[in-house]
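Student: Give the three-dimensional model of this entry:
(2 chains)
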Amino acid sequence: MSYKYHQFQVVGRGLPTETDEQPKIYRMKLWATNEVRAKSKFWYYLRKLKKVKKSNGQMLAINEIFEKNPTTIKNYGIWLRYQSRTGYHNMYKEYRDTTLNGGIEQMYTEMASRHRVRHHCIQVIKTATIPAKLCKRESTKQFHNSKIKFPLVFKKVRPPTRKLKTTYKASRPNLFV
Amino acid sequence: MPFKRYVEIGRIALVNYGKDYGKLVVIVDVIDQNRALVDAPDMVRGQINFKRLTLTDIKIDIKRVPNKKTLIAALEAADVKNKWESSSWGRKLIVQKKRASLNDFDRFKIMLAKIKKAGVVRQELAKLKKETTA
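Tutor: Next up is the predicted model:
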């Protein structure tokens, strides 16, 4: 499963000066497609919080954070701040996925489709793994059933590899399960 | 016509697209409307889209997300392998696989066997014809 967004831990600080020998070190966890973008995003956020820029700061560490248990299903709650055409709004969204990166990717694609918000207009405030009892959204809570059972209603028969795909078929497909 | 095969924990499914094509897997949990957590004795537990699965008639009795040992024990207890290989669907897949792996000498042997079988059938048919006309 390859994910578009990776989670990085970025650590940086302003450069030491004569007045400030030991500047405070800041650490951020962010999502970006690669390390270069992660470092850039780090300076973007840090500029908004402190009077420091990439030119008078130094990057101390950047590490990718991997999912600890990618084979278990978790409910992720994501708090975000996004810019719509008329202003900034906060949102809380829930996703069911095996990894946090998967949940974040679902969030970005859902925000793009439902609200036409692009990636650069979204700021992730906080993410958390929510235990089943505390989930707020019905669409995640409906899967909290140990005896879940539903049929697959339509069966579309696909060629097993893209190579065997044809533009024209002799007959209309039969979607009956 | 109600549905007979359901997505449920313990349902055996056949993977019909992708890297694990042709494998029998167990649905171990449901992630959301489109994806399931799936496990098999020879693979790491992972997620897969329902579009890549075809459900079978076989269902085993497991709890939500069992560990590998329990899963293998449950598969043995339900005798999934034999049930699958004796079902008509399973047998068809085995024959397809065998046919695809034949070399030229095997195909030659099959041609001789087919001719022999046709000869025997024709002899019996001739006998029966003679009996009815006589």
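Student: what's near enough to touch the residue in chain A that chain B sits nearest to?
Tutor: Nearest residue of chain A to chain B (Cβ to the nearest Cβ) works out as residue A:151 at 3.6 Å. From N, CA and C alone the C-beta is placed, and that goes for glycine too. Contact analysis of residue A:151 by Cβ atoms under 8 Å, 6 or more residues apart in numbering or on different chains lists A:177, B:3, B:5-7.
Student: Restrict these to the buried ones and give me that as a ChimeraX selection.
Tutor: Per 16 or more other Cβ atoms under 10 Å in any protein chain shown, the buried members of the contacts of residue A:151 correspond to this ChimeraX selection:
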select /B:5,7
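Student: Closest to residue A:87 out of the contacts of residue A:151?
Tutor: Within the contacts of residue A:151, distances to residue A:87 taken as Cβ to Cβ reach their minimum at residue B:7, with 42.0 Å.
Student: thought the closest one was touching residue A:152?
Tutor: Yes - counting by Cβ atoms under 8 Å, residue B:7 does reach residue A:152; the two are 6.1 Å apart.
Student: Which per-residue confidence value corresponds to residue B:4?
Tutor: For residue B:4, the model assigns a pLDDT of 91.
Student: Which pLDDT value belongs to the spatially most central residue of chain B?
Tutor: The residue lying closest to the centre of chain B (Cα atoms, centre = their mean) is residue B:90, at 2.8 Å. Reported pLDDT at residue B:90 in the predicted model: 94.
Student: give the contact list for it.
Tutor: Going by Cβ under 8 Å, 6+ apart, the list of residues near residue B:90 reads B:83-84.
Student: From the contacts of residue A:151, pick the one nearest residue A:102.
Tutor: For those, the nearest to residue A:102 is residue B:7 (19.8 Å; Cβ to Cβ).
Student: Paired strands for the strand or helix carrying that closest one, with orientation please.
Tutor: Residue B:7 is part of strand B:6-8, with elements assigned from DSSP states H and E. Sheet pairing for strand B:6-8, assigned by DSSP bridges, gives strand A:149-151 (antiparallel).
Student: so what's the residue lying closest to residue B:16 once chain neighbours are set aside up against?
Tutor: Among residues not flanking residue B:16 along the chain, residue B:54 sits closest, at 5.1 Å (Cβ to Cβ, 6 or more residues apart in numbering or on different chains). Residues counted as contacts of residue B:54 (Cβ under 8 Å, 6+ apart) are A:155, B:13-14, B:16.
Student: Helices of the chain, start to end?
Tutor: Went with chain A since none was named. A:35-49, A:100-115, A:138-141 (DSSP state H).
Student: switch to chain B, that's the one I care about
Tutor: Going by DSSP H, chain B shows helices at B:68-78, B:80-86, B:88-100, B:104-133.
Student: Just the residues contacting the shortest one, thanks.
Tutor: Just to be clear, that refers to helix B:80-86. Helix B:80-86 is contacted by residues B:12, B:24, B:56, B:58, B:60, B:75, B:90-91, B:94 when judged by Cβ under 8 Å, 6+ apart.
Student: Can I get the buried part of those residues as one PyMOL selection?
Tutor: In PyMOL, this line selects whichever of the contacts of helix B:80-86 come out buried by 16+ other Cβ under 10 Å:
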select buried, chain B and resi 12+24+56+58+60+75+90
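Student: Would you mind listing the residues touching both of residue B:7 and residue A:152?
Tutor: B:50, B:55.
Student: residues contacting whatever residue of chain B ends up closest to chain A?
Tutor: Relative to chain A, the nearest point of chain B is residue B:3 (3.6 Å; Cβ to the nearest Cβ). Residues near residue B:3 by Cβ under 8 Å, 6+ apart: A:151, A:153, A:177.
Student: hmm, 7 Å instead?
Tutor: Contacts for residue B:3 (Cβ atoms under 7 Å, 6 or more residues apart in numbering or on different chains) come out as A:151, A:177.
Student: The one 4 residues further on too?
Tutor: With contacts taken as Cβ under 7 Å, 6+ apart, residue B:7 has the following neighbours: A:150, A:152, B:27, B:30, B:36, B:50, B:55.
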